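Novice: just to be clear, the model below is a prediction. Sequence and coordinates:
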Amino acid sequence: MLVAAAVCPAPPLLVPEVAAGAAAELGAARTACSDALAVLAASRPDLLVVVGAVVGAAGQEDEGPYPPGSRGTFRGFGVDADVQLGEGGTGPRPLPVPLAVGAWLLGHARWGAAPVEGLGVRESLETPRCLEAGRELAGRKARVALLVMGDGSACRTLKAPGYLDERAAGFDAGAARALGAADTAALAALDAGLAAELQAAGRAPWQVLAGAAEGAGLDGRLLYEDAPYGVGYFVAAWS
């Protein structure tokens, strides 16, 4: 059963070594992520699963589970920084970036409350399959927690990665309301097609969370909402 969840953005720029001189720009987001992770630790889970979106077709290399001890790196961003997902032996494949950012957040928080695994879900995964994946995660242990990594739209400004789309602000506002209220029905109702057009990579992970939280009776708090670099970033804690 799901007992707690933290929702965090997944940009590599959350890692100060990657952000370099711009590290202070996401300082408030990092602080909010730390607060959300404290809620996870307080829930005393038997298992923590980090969920993040991956790009590609069904069955692609990055999709699927990542065992404890899986490693990731930010060397592709020009920094000598490696991370590990919890404790254990080295996993068979490197962590995709959203899971690596989650592993960095956990390492920064000195997580040691429960075993940690990862799950990569396709950005394009259909809503019913996202919900089913969440239900399966919630049934793994008596007390399951999720760290859900994902961004909102990437179309909030002219300089955003996806350029300006006037639908983006409304989409992000709806997602923020749902995340802040732990509204599983509203998350499940997010339009997958619109999310893809707005490059909202968090849609699939958020809908995995919606499936996991069905019937759990969790309350939510929105700890951070902003759109630096024209991308919607949210931090929420459910417990």
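Specialist: That came through fine.
Novice: okay, Gly56: pLDDT?
Specialist: At Gly56, the predicted lDDT confidence score is 61.
Novice: could you shift the numbering so residue one becomes 30, and keep it that way?
Specialist: OK, 30 is where the count begins now, so the last one is Gly85.
Novice: my read is Leu176 is in a strand, agree?
Specialist: Yes - according to DSSP: H, G, I helix; E, B strand; the rest coil, Leu176 belongs to a strand.
Novice: that one: how many residues sit nearby?
Specialist: Using other C-beta atoms under 10 Å, Leu176 has 28 neighbouring residues. Using the backbone N, CA and C atoms, a C-beta is placed for each residue, glycine as well.
Novice: just give the nearest non-adjacent residue to it, would you?
Specialist: Val79 (4.6 Å; C-beta to C-beta, 6 or more residues apart in numbering).
Novice: pretty sure that neighbour is touching Met178, no?
Specialist: Yes - in this structure, Val79 sits in contact with Met178. The criterion is C-beta atoms under 8 Å, and the distance is 6.6 Å.
Novice: so what sits opposite the residue nearest in space to the middle of the chain in the bridge?
Specialist: The residue lying closest to the centre of the chain (C-alpha atoms, centre = their mean) is Met178, at 0.9 Å. Per DSSP bridges, the residues bridged to Met178 are Cys37, Gly81.
Novice: who touches the lengthiest helix in the chain?
Specialist: Longest helix of the chain, by residue count under DSSP state H: helix 56-71. Helix 56-71 is touched from outside by 33-38, 43, 77, 134-135, 137-138, 140, 142, 174, 176, 252-253, 255, 257, 262, 264-268, with contacts defined as C-beta atoms under 8 Å, 6 or more residues apart in numbering.
Novice: buried ones in it?
Specialist: 58-59, 61-66, 68-70 (16 or more other C-beta atoms under 10 Å).
Novice: how many neighbours does Gly244 have?
Specialist: Neighbouring residues of Gly244 were enumerated by other C-beta under 10 Å; the total is 10.
Novice: let me know the secondary structure of it.
Specialist: The three-state label given to Gly244 by three-state DSSP is coil.
Novice: quick one: contacts for it?
Specialist: Contacts here follow C-beta under 8 Å, 6+ apart; on that basis Gly244 touches nothing.
Novice: how close does Ala52 sit to Ala58?
Specialist: Taken as C-beta to C-beta, to the nearest Å, the spacing of Ala52 relative to Ala58 amounts to 11 Å.
Novice: check Ala210 too.
Specialist: Relative to Ala58, Ala210 is positioned 20 Å away (criterion: C-beta to C-beta).
Novice: what of Val32?
Specialist: 24 Å.
Novice: now the strands for this structure?
Specialist: Taking DSSP state E as the criterion, the chain contains strands spanning 31-37, 76-83, 93-95, 100-102, 111-113, 145-151, 173-178, 249-255, 262-267.
Novice: these: which one's closest to Ala204?
Specialist: Comparing the strands of the chain against Ala204 with C-beta to C-beta, the closest turns out to be strand 262-267 (6.8 Å).
Novice: which helices and strands sit right next to the closest one?
Specialist: Contact here means 3 or more C-beta pairs under 8 Å, 6 or more residues apart in numbering; DSSP states H and E; on that basis strand 262-267 packs against strand 31-37, helix 56-71, helix 197-210, strand 249-255.
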